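In: What would the 3D arrangement of this be:
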Amino acid sequence: MTEQDPAMSLDERLDCDVIVVGAGLTGLTAASLLTEAGRGVIVLEAAGQAGGRIRSLPDPVTGTPLADLGPTWVWPEFQPVATEWLGRLGLTTFAQFDDGDGILEYSRERPGTRQIIPGQYGIRRIVGGTGEVIDRLCAGLPNGAVRTGTPVTTIVENGDAIEIATSNPASPKLRAARVVVATPMRIAEKSIAWFPPLDADLAAAMRATPTWMAAQAKAVAVYDRSFWRAGGLSGRIASQVGPLVEAHDHSGPEGTPAALFGFVGWPHSDRNRLGAKLEDQIIEQLGRCLGPEARQPIKFHVEDWAENEFICAPLDLRESPSHPDVAPEILRRPHGDNRIYFAVAETSTRSPGLIEGAFDAGQSAATKVLESLASREEIQTSRLRKRRGP
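Out: Numbering: from 1, shown residues only. From the prediction side, this is the model:
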């Protein structure tokens, strides 16, 4: 070809078609669909591992996941998008164990009341844990597509492309035709420098969108046997005392590994003040409610998401926790002349903040990006034809 192809000359200067900022469930879902469609994708993750709010507690010897430290539940009967994706990934579910009595705790001075605590209809867990979802999505992407330890510092609209700078010397600057921002909205608005600056309404919508469970802490206790089941207990605790406001059985499908998990109801300031003593207080509470054997876990871990700078923004700490509403429509629209897209679980109109919402937001963003890229290529082809003449 003696005449330079303007479309080719532009694309040759790109590192890929699409950069996805954030290797959480939403970002990896989008990356998976874009890759299946034949698009070149790079996923940039600030943390040292993929998964975002999805993380597993590994066995220190085998590395096998023992428990979910982030989201754990799905409701397949009511969540068709999550059900479809779990099927695509070859994953199955099992019912959340709820057989037996729970414990209602009203005071440290009085023993907890033993009674049935109604469970949620249709609530299930993923065999292998939610971390298996992340592992399988990553396995379906090309080697090197997911780059961890790569915080994005700057997003620049430059001509027909998007330039992204990171703090990782191995990937200092990248160019793509499109970008999907799949990191918590408040983090993206605060920690990324945008050129040109974000539209005021868009920036306000990002700041107004909380990240579900960002300020929360989750405790997991692993045991050598599920002694509570043997005693006719479900593992459920509902407490007005704390530190755990609620707890649940978190054992595997056949009862092993045996585990309990609970949500820490005390605010981050109290958790931070207590430090290592928080673990002692949680274990003491488990003993009060479930008996002395509960005070002897073989492994114990508290995942305090409020300590994660890539998940929890200062605004998340100042607000009272509540399930997020559907995010404003402006976050589901393309920006930057159809080059910039936003997608997190909270932007979904379906189960915002939950696993279903993350899948839904990821596939919605991928669909919009693919349509935009196809339109871009049609325009480039038309320009080339006009340039060449009849």
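In: most residues in a single strand of this protein, which one?
Out: Taking DSSP state E as the criterion, the chain has its longest strand at strand 173-181.
In: for that one, which positions count as buried?
Out: Neighbour counts using 16 or more other Cβ atoms under 10 Å place 174, 175, 176, 177, 178, 179, 180, 181 of strand 173-181 among the buried residues. In short, each C-beta sits where N, CA and C put it, glycine included.
In: Can you give me the distance of the first one to residue 183?
Out: Going from residue 174 to residue 183 by Cβ to Cβ, to the nearest Å gives 16 Å.
In: How about the fourth one?
Out: The spacing between residue 177 and residue 183, counted by Cβ to Cβ, is 20 Å.
In: who touches the most centrally placed residue in the chain in this structure?
Out: Nearest to the mean C-alpha position of the chain, counting by Cα atoms, centre = their mean, stands residue 53 at 3.8 Å. Neighbour list for residue 53: 24, 25, 70, 71, 211, 213, 214, 305, 311 [criterion: Cβ atoms under 8 Å, 6 or more residues apart in numbering].
In: Inside helices: which ones of those residues?
Out: Among the contacts of residue 53, the members found in helices (DSSP state H) are residue 25.
In: What is the nearest of the contacts of residue 53 to residue 330?
Out: Using Cβ to Cβ, residue 211 is the member of the contacts of residue 53 that sits closest to residue 330, with 17.5 Å.
In: ranges for the helices of the stretch 101-250 of the chain?
Out: 131-139, 185-191, 200-207, 227-230 (DSSP state H, counting those that start in this stretch).
In: Of all these, which one comes closest to residue 256?
Out: So among the helices of the stretch 101-250 of the chain, helix 227-230 is nearest, using Cβ to Cβ, at 11.1 Å.
In: Tell me which other helices or strands the closest one touches.
Out: Using 3 or more Cβ pairs under 8 Å, 6 or more residues apart in numbering; DSSP states H and E, the elements in contact with helix 227-230 are strand 233-239.
In: of the helices of the stretch 101-250 of the chain, which approaches residue 170 most closely?
Out: Evaluated with Cβ to Cβ, those place helix 131-139 nearest to residue 170, the distance being 18.3 Å.
In: Which residues does that closest one contact?
Out: By Cβ under 8 Å, 6+ apart, helix 131-139 touches 23, 25, 28-29, 31-32, 50-51, 54-56, 65, 68, 85-86, 89-91, 126, 146, 355.
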